[in-house]
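Colleague: predicted model and sequence below, questions to follow.
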Amino acid sequence: MSFYITTPIYYANSLPHLGHLYTMIVADTIARHKRQQGIETFFLTGTDEHGINIERAAERAGRTPKEQADYVVNYFKQMTAEFGLDTEHGGYDIFMRTSEPFHYEGVSEFWRRAARAKTPKGNDAIYKGHYEGWFCAACAAYKSEDEYAKPKNPGDPPTCLIHDMALDRISEDSYFFRLSDYGDALLELYESRPDFVQPETRKNEVTSFVRGGLQDLSVSRLKSSVSWGVPVPDDPEHTMYVWFDALTNYITAIGFGNEQQNRAVGFEKFWPALHLVGKDILRFHAVYWPAFLMAAGVEQPRAIVAHGMWLDPNGRKMSKTLGNTIELDVLSKHFSVDALRYFCLREMVFGQDGRFGYEALIDRTNSDLASGLGNLSSRTLTMITRYNSGRVPSGVISEDKLLLAKRTGVDTDATTIAGFIEHARVQYLQQLETYSFSRALEVAWSIVARMDKMISEAKPWELAKDVNQSQTLGAVLYRAAETLRWLCVMLYPAMPGATQEIWRQLNLSEKLAGMDPAKLKWGELKEGVPIGEVKPIFPRIDKARTMGAIGQNSEVRSQKSGIGGQKSEVRSQRSEGETDGPSLRAELATESAPSGTHATEADAVPGAPQADATPAPPQHATEADAVTGAEGVANFIDITDFTKVELRVGQVLTAARIPKSDKLLLLSVDIGEEKPRQLLAGIAEHYTPEEMIGRKIAVVANLKPRKMRGHDSQGMLLAATVGEDDKPVLATFNEDVPNGARLK
């Protein structure tokens, strides 16, 4: 069994940005998961290196186009190494470059096959014609009248709506691909394979576009206009342009049309591929590419899966003009690779747009990683060192000690916690298989919360004081350590570095990369094995200090205001001796693609779906003076009264019933503070403790504490009441939001 996954290949005239990094992180996560399952996997990323933009950049820099491409690729490869995505760190199998000789041979074969083919309507798939119109070099595409802005001064050229730059008037012969004949065939493909384009919303967009009618595509330029590219077979006066050249990399990389590359990788072994793309380049991959493959007689991809775009904390598209872009150098300097990987996978619901800010990254790192997984690892292994001489204890409680264990509140049946984790494992893997990374990690963190609850209730530090409770203490610590073992295997694809460090501290020798989480069995952690040196996995980040450093080092304003961001100039944080970065960045700064989109050939698609338009600023729905003639409102409050109420997002870490109370649950809730809050809620008749663990809720954070049933309640959760019996229905969130986020 084999599996092939690709990111887009990125246009080599611009610097890598967050959009590139995110797609590679997702692809890397999927590839590692497949390899854990024992599936032979091939992971591709790379660069599209041909076209007029590369020629012009090379001319300005005094280089050949190939030297210019090499220069940019060098930086891309440095970035992938820095973030652990290269081959050396277990990442991609090939960094594909369209300037490779085997690609020239393969794409030429692909062209010949398509040129010999007839369309479903019996016409030549590729034909020669003449084109005259306005051309955008940055987009590498011709522009129709509704795709450019008319000039203010007569005689001036129109400007591209995407790049706001003057268009070139082109009049020349060109080869065309007869896309207009493939509409029905494409619609039949989408209908016969419902999961071919994912998610459903993107499939609907593509289907609607095809039903609206397709136009033929220009797929070549005269060599006199664009010489840097693959010559058209049997017509060297023309150069293949964009479409055939770039997209065909997915098959030439694994050996299509080149025997040597085919022996090295294996086209028949790995094709078809799963293509991961941003929604802005979906049309390329879901319309043009399948039509090309039909013409050439090549099997269709496994699926085309589109993800959303990263927006700023206020939901605006990232751009240098707004100054709200995220700098990769800043991420590399101030955050661990696995903290970034976790944030990207957890924060964005795959397929939807997500919001990215440095503060949100710090909050998520501190709440989920430092106070969550990292804390569970450190406290568990530290207590094993302290209370059991640094060796894995026995998890068995003998029959004569069961009563003593029960008196402490420890569940004497080890299968209870094992059953919970096994069930969570099933849910986690199901979510991972459907690319629901955020939900998968939420499930995994319910395990972390369950373990934290067990430790807090069992109080091992108290058990250690009683020699008669040594077996109870051992059982608690064994269960926590065994849970860490499971979490390492499950979370390895998402956080390979951190999980391998915990694995090392557990002193386990198997390679996580080859361990299938579906095959884990509870209780395989061996008693008596000495653990390794205990070190912090995710040190807590000092938010004020880090944001200050980010602002100083990157010359940015804090994203907290939602107005400022990084300056458009990207500054290097590389070590001394690495001198290429700053000059490369400065040289390319004016040519970088907008930061919410992919810098691939797909930036050239006229009318391609772009990131969602910038939403209007939110309006407060609580201002009484904005409501005239409102009915059913007993008393209006002033906006100043409302702002006194501090509402925050919280996540339930633990939940338990209150003895002798039918209505109350005792909750431990993370609202982004150093320590979790303790809340009492009268919802026990409608929500079980198990249902509450991991749930996101709205919390009144500045409510005066009060004592109930001997417990302090440090806030209040929000719920609606429904029906005659006032059934509580918890206020929650459809989108993923970080713990501690303020409700306004």
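Modeller: Received, thanks. Numbering: from 1, shown residues only.
Colleague: which sections of the stretch 251-400 of the chain are below the confidence cut-off?
Modeller: The model of the stretch 251-400 of the chain has pLDDT under 70 over residues 320-321.
Colleague: mind listing the strands for it?
Modeller: Counting by DSSP state E, counting those that start in this stretch, the stretch 251-400 of the chain has strands at residues 274-278, 303-307, 310-311, 354-355.
Colleague: need those strands in CSV with distance to residue 468 and mean neighbour count, can you?
Modeller: (Each C-beta comes from the backbone N, C-alpha and C, glycine too.) Putting the strands of the stretch 251-400 of the chain into CSV (distance: least, C-beta to C-beta, whole Å; neighbours: other C-beta atoms under 10 Å) gives the following:
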stretch, distance to residue 468, mean neighbour count
strand 274-278, 57, 24
strand 303-307, 56, 23
strand 310-311, 56, 24
strand 354-355, 52, 20
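Colleague: can you redo those strands as CSV with distance to residue 455?
Modeller: As requested, the strands of the stretch 251-400 of the chain are arranged in CSV below (distance: least, C-beta to C-beta, whole Å):
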stretch, distance to residue 455
strand 274-278, 39
strand 303-307, 37
strand 310-311, 36
strand 354-355, 32
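Colleague: looking at those, which is nearest to residue 417?
Modeller: Of all the strands of the stretch 251-400 of the chain, it is strand 354-355 that lies closest to residue 417, at 33.1 Å by C-beta to C-beta.
Colleague: that closest one pairs with which strands, and in what direction?
Modeller: Note on strand 354-355: by DSSP bridges, its sheet partners are strand 310-311 (parallel).
Colleague: mind giving me the domain ranges of this structure?
Modeller: What automatic domain parsing lists as the domains of the chain is 119-222, 367-519, 639-743.
Colleague: how deep is residue 465 tucked in, by neighbour count?
Modeller: 9 (other C-beta atoms under 10 Å).
Colleague: give me the element it is part of.
Modeller: Residue 465 is located outside every helix and strand, with elements delineated by DSSP states H and E.
Colleague: gap between it and residue 472?
Modeller: Residue 465 sits 12 Å away from residue 472, taking C-beta to C-beta, to the nearest Å as the criterion.
Colleague: joint contacts of those two?
Modeller: Counting by C-beta atoms under 8 Å, 6 or more residues apart in numbering, residue 465 and residue 472 have no shared contacts at all.
Colleague: ok, residue 534 - contacts?
Modeller: Taking C-beta under 8 Å, 6+ apart, one finds 378, 381-382, 385, 505 in contact with residue 534.
Colleague: quick one: which of those sit in helices?
Modeller: Members of those lying in helices (criterion: DSSP state H): 378, 381-382, 385, 505.
Colleague: from the residues you listed, which is closest to residue 220?
Modeller: Nearest to residue 220 among the ones in helices among the contacts of residue 534 is residue 505, at 58.2 Å by C-beta to C-beta.
Colleague: these two touch, right, residue 162 and residue 136?
Modeller: Yes: Residue 162 lies in contact with residue 136 (C-beta atoms under 8 Å); the separation is 7.4 Å.
Colleague: nearest to residue 208, of the strands of the stretch 251-400 of the chain?
Modeller: Short answer: strand 303-307, nearest of the strands of the stretch 251-400 of the chain by C-beta to C-beta, at 14.5 Å.
Colleague: then that closest one to CSV, C-alphas only?
Modeller: What follows is strand 303-307, C-alpha atoms only, in CSV (Å, rounded to 0.1, in the frame of the first residue of the first chain):
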residue,chain,number,x,y,z
ALA,A,303,-8.6,14.0,-4.0
ILE,A,304,-8.2,17.8,-4.0
VAL,A,305,-8.5,19.2,-0.5
ALA,A,306,-8.7,23.0,0.0
HIS,A,307,-8.0,24.8,3.2
